[in-house]
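Enquirer: The amino acid sequence is not available; the structure is as follows:
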């Protein structure tokens, strides 16, 4: 099978966001076992200058939805970035999974050389769709997922490599 933009993005996003849902379940179970409110996790950060846990999840979701939308040439759903509970974070993750899975492969594949413009504070950046996916979007997506995982692990949640990778096969 040939690797396409769709096969290199949508299945990865849906799988890893699904794994993220499992991490949130484990975090809630940890909080219940230790008798503290899970909301404590929402503001946690690894360093004072880093974005908090909630923002890490928001950005991972945004990365997935914007990649698919920009490459496919469709409108991405708008999320208000107001999640204040695990249930609200789960809802955002599920909405992201539903959106990326809803875009047909035919709207993404074959657009490797199409220009994608990314809005940035320093001004827009235009890359080919393939370069955008490989050099910006996937690394950014995994950065924020890894940071989320590290925050949970740092705070005692029993997550390991198998939780990060999910079921193989």
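Expert: Sure, I can see it. Just so we're clear, the structure is a prediction, and the values are computed from it rather than from any experiment. Numbering: from 1, shown residues only.
Enquirer: For the nearest residue to residue 34 once chain neighbours are set aside, grab the count of nearby residues.
Expert: The shortest distance from residue 34 to any non-neighbouring residue, by CB to CB, 6 or more residues apart in numbering, is to residue 156 (7.4 Å). To be clear about C-beta, it is placed using only N, CA and C from the backbone, and glycine gets the same treatment. Neighbours of residue 156 under the rule other CB atoms under 10 Å: 12.
Enquirer: Now residue 156: phi and psi?
Expert: phi 90, psi 0 (degrees, to the nearest 10).
Enquirer: start the count at 36, not 1, going forward
Expert: Got it, first residue is 36 now, which makes that one residue 191.
Enquirer: State the distance from it to residue 165.
Expert: In this view, residue 191 and residue 165 are 40 Å apart by CB to CB, to the nearest Å.
Enquirer: repeat for residue 184
Expert: Distance, residue 184 to residue 165, using CB to CB: 27 Å.
Enquirer: if you count what's nearby, which of these two comes out ahead?
Expert: residue 184 (21 against 16).
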